[in-house]
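>>> Test case, fold it:
(one chain, ligands or ions: 2)
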Amino acid sequence: MLRRLRGLCLPLFLLALALTPVFVYARAGGGQGYSGGGGYSGGGGYSGGGGFGGGSGYGSGHYRGHSPFDKMIDEHPIAFILMVLVIMYLFKRFGNEGVNVYKARTIVRGSLAQRANDMTAALADLTRRDPDFRIEAFLARVSPVFRKVQTAWSNGDMAAVRAFLSDGVIERFTLQLAMNKALGIANRMSAIQVLETRLVQAESAAHFDTLHVHIRASAVDTDVELRAGEVIRNADRFEEEFTEVWSFLRRPGAKTLARPGSLEGHCPNCGAPLQIVDAARCEACRSWVNSGEYDWVLAEITQACEWLPRDPGRAVPGFAELAADDPALNVQFLEDRASVAFWRWQAAHWDERAESLRPVATETFLSSFASSRIGLDSRYKNAAAGSVELLAFEPGEPCDRAHVLVKWCGEALGRKDGRFADEGHVVRHHVLVLLRRHGVRTDPRSGLVSARCPACGAPPSDPTAARCAYCEAAFNDGSRQWVLSEIISRAVWKPPTTPARPSPAPEPVAAALAPPAAPADDWASLLAPADALAILVAAMVADGVVEPRELDFARAHARKHSIPEERIDGLLDAARRNALEVPRPKSPKESEAFLRCMSAMCLADGRISSGETRTLVALGSRLGLDSGRVQKLALEERDAAVRRARQALRPPLSPPPSA
Ligand SMILES: [Zn+2]
Ligand SMILES: [Zn+2]
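Ligands and ions are numbered 1, 2, ... in the order given. Next comes the predicted model:
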């Protein structure tokens, strides 16, 4: 017995040594406190498991018979056996946990490294084309821009910032201001402070460069009743902190200006101070200053929890087929165009007539809107759109189509006995289908600007006209421009059935370092944490019984992804009223995709805790998946995340290919 113990003593001691760093790791509390984004600078530097090399004095050969263990075994055999048992127990008890903590750290570090790699590649590409570009200088321009936009909003007049807002963004602000005015209120933001600006994603693509800036700010947000001038919300002037992602676009040919540009109120083309009235056009040189040709344009504002980093490798189905005949075709323009159409549609609800849709929607859409009472019997207060994402192109005859997802929410007002009454919070996911005659090409000079005559370039004299006042060209027949032809609930939308050949990346993307991530099932690939929460709540409420554990899980998810916790109550309430019009998994395959997506979101802090696993299993059973399957999915997601992380942390084998 003692002989055999003696033979074991070295391996056991080494094991004890080897475990030491794991315990150290465990105490360091890895995996927690992940603050997202910043900090991480560049790829390499991964140091492996750390600290294992320990006991160098234990070279084989000269220990036998001399080691202190032999003495211990001879003198205190019971103590030695106890020690071995304790080590074995500790290994069993904490070994797995140590491995989990280690993997969690790897996942968190890897995802930071991945983002940093992508960002570095995109910024390098941008700087190659525009050597004067400096991200720090750009971020320094963002804070004043943020304050200017808030001030213009509070003053109820966006003219001062029109020059750098995309058409989609200006539509949104214009409509929201008009709605507030109609309600007799104004939203006033004061004591605005920008606490942090940080780049969270940079994209370099064939037609646009994009910089997504995470902005953390605080302000006193009040509603004022216009007639009496009385504060009707937040009268105590409580200061709130909020985070948003502002996305700026610019054409790749544009260069950093040595003088103030459109963000500073000057024409980015000729330098003249801008006096903009209706259209974002410089009076001096007649150029469209918000096209992105000359300077950055604010193209999207998204709440941080609604924002989803763009997958640089995502191929939009049908893009390659259409782009073969239309080289200037691009995703960014279409998304802004869809955004304009969406806000016009909201305006039409509000106005109770289709007028504002006239320039952007087909005649068929206009007449169906006018004839359906649904459009006229409800309107939405404080409507807010999450991200706007192009799902697919559908080449066809006589028209090509583009399917764009708009996730939005608002306070529904329904007509009852001739008056509009509050119906509560609604969350909706809609697919806007835009069409354009087959064979029409995108005007490469138009940049982001869609609010001008596509035939003669004249600014619209009447924002509700269906044809150009100068050249008579129709705006809404799809002969030159993408127009809204249909709006479908995402829950019943089906991807176009055109043979979607596996196309190469839609645009030559510079961020070629992105791993060939297993293509997520389309069903869940575009869900931001806030969307997943809505679907989760919908599933929880489906059979009428909300389990406390699931509610805890929803709360933890909200905390993990900085979603205001009170949103859960709004969602629960909406779900009970059947006003949560979000997609729900309809087949085992979709359920699996959703559970994978939820598991991946749990992994934001690198791990899926046992509590989370139990809730995922419960959720799975609601969605028709057995417990073993759900646990397997969760493990697979974790392992895939570890693999991706290791790949991201590995120093690149060869320099990134130059585009
Ligand atoms: Zn000018
Ligand atoms: Zn015209």
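
>>> all contacts plus neighbour counts: C-alpha atoms, from now on.
OK.

>>> quick one: the helix or strand hosting residue 84 to chain centroid distance?
Per DSSP states H and E, residue 84 falls inside helix 77-129. Computed by C-alpha atoms, centre = their mean, to the nearest Å, the chain-centroid distance of helix 77-129 equals 26 Å.

>>> taking the mean pLDDT, what do you get for it?
If you average the pLDDT over helix 77-129, you get 85.

>>> and residue 232, that one's in a helix?
No - per DSSP: H, G, I helix; E, B strand; the rest coil, residue 232 lies outside any helix segment and is strand.

>>> how about the residues of this protein near ligand 1?
Listed as neighbours of ligand 1 in the chain under the rule C-alpha under 5 Å from the ion: 267, 270, 282, 284-285.

>>> Return the entry from these with the maximum number of neighbours.
Neighbour tally across the residues of the chain next to ligand 1 (other C-alpha atoms under 10 Å): the maximum, 29 neighbours, falls on residue 267.

>>> and that one, what is it in contact with?
Taking C-alpha atoms under 8 Å, 6 or more residues apart in numbering, we find residue 267 in contact with 261, 273-274, 282, 289.

>>> what about the residue nearest to residue 151 when sequence neighbours are not counted, helix or strand, and which?
The shortest distance from residue 151 to any non-neighbouring residue, by C-alpha to C-alpha, 6 or more residues apart in numbering, is to residue 189 (7.2 Å). Per DSSP H and E: residue 189 is located in strand 185-204.

>>> ok, residue 167 touching residue 340?
Yes - assessed by C-alpha atoms under 8 Å, residue 167 is found in contact with residue 340 at 6.6 Å.

>>> Model confidence for residue 159, exactly?
Here the pLDDT value assigned to residue 159 is 88.

>>> so how far is residue 213 from it?
Distance, residue 159 to residue 213, using C-alpha to C-alpha, to the nearest Å: 23 Å.

>>> ok, back up a step: what are the buried residues along the strand holding residue 189?
185-190, 192, 194, 197-204 (16 or more other C-alpha atoms under 10 Å).

>>> now stretch 297-314
Neighbour-count burial for stretch 297-314 flags 297-308, 312-314 (criterion: 16+ other C-alpha under 10 Å).

>>> what does stretch 224-243 give?
For stretch 224-243, a neighbour-count test (16+ other C-alpha under 10 Å) marks 224-226, 231, 243 as buried.

>>> hmm, who's touching it?
So stretch 224-243 is contacted by 184-188, 214-223, 303-304 (C-alpha under 8 Å, 6+ apart).

>>> quick one: residue 481 and residue 454 touch, right?
Yes - under the criterion of C-alpha under 8 Å, residue 481 makes contact with residue 454 at 6.9 Å.

>>> among the buried residues of stretch 224-243, which two are most distant?
Farthest apart among the buried residues of stretch 224-243 by C-alpha to C-alpha are 226 and 243. That separation is 27.9 Å.

>>> quick one: contacts for residue 363?
Taking C-alpha under 8 Å, 6+ apart as the contact definition, residue 363 lies against 476-477.

>>> any idea how far it is from residue 185?
34 Å.

>>> try residue 621
Distance of residue 621 to residue 185, computed by C-alpha to C-alpha: 47 Å.

>>> now residue 337
Taking C-alpha to C-alpha as the measure, residue 337 falls 29 Å from residue 185.

>>> and if you look at residue 192?
According to C-alpha to C-alpha, residue 192 stands 20 Å off from residue 185.

>>> Name the residues of stretch 270-282 that come out as buried.
In terms of neighbour count (16+ other C-alpha under 10 Å), stretch 270-282 has its buried residues at 271-276, 279-282.

>>> before we move on, the earlier item: which element is encountered next along the chain beyond the helix holding residue 84?
Next along from helix 77-129, by DSSP H and E: helix 135-155.

>>> May I have the following helix or strand past that following helix as CSV, with CA atoms only?
The helix or strand immediately downstream of helix 135-155 is helix 167-182, counting by DSSP H and E. The C-alpha coordinates for helix 167-182 follow below in CSV (Å, rounded to 0.1, in the frame of the first residue of the first chain):
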residue,chain,number,x,y,z
ASP,A,167,-33.4,61.6,-44.7
GLY,A,168,-34.6,58.7,-42.5
VAL,A,169,-33.5,60.5,-39.3
ILE,A,170,-35.1,63.8,-40.2
GLU,A,171,-38.4,62.1,-41.0
ARG,A,172,-38.4,60.6,-37.6
PHE,A,173,-37.7,63.8,-35.8
THR,A,174,-40.1,65.8,-37.9
LEU,A,175,-42.9,63.4,-37.3
GLN,A,176,-42.3,63.0,-33.6
LEU,A,177,-42.2,66.8,-33.1
ALA,A,178,-45.5,67.1,-35.1
MET,A,179,-47.1,64.4,-32.9
ASN,A,180,-46.1,66.1,-29.7
LYS,A,181,-47.3,69.5,-31.0
ALA,A,182,-50.7,67.9,-31.9
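
>>> chain center to helix 167-182, what's the gap?
On C-alpha atoms, centre = their mean, the centre of helix 167-182 falls 23 Å from the chain's centre.

>>> can you map out the strands along the stretch 551-659 of the chain?
With strands called from DSSP state E, counting those that start in this stretch, the stretch 551-659 of the chain shows them at 580-581.

>>> if we can go back for a sec, check which helices and strands the helix holding residue 84 is in contact with.
With contacts taken as 3 or more C-alpha pairs under 8 Å, 6 or more residues apart in numbering; DSSP states H and E, helix 77-129 sits against helix 2-27, strand 185-204, helix 627-649.

>>> Show me what the shortest one packs onto, helices and strands only.
With contacts defined as 3+ C-alpha pairs under 8 Å, 6+ apart, the packing partners of strand 185-204 are helix 77-129, helix 135-155, helix 167-182, strand 209-225.
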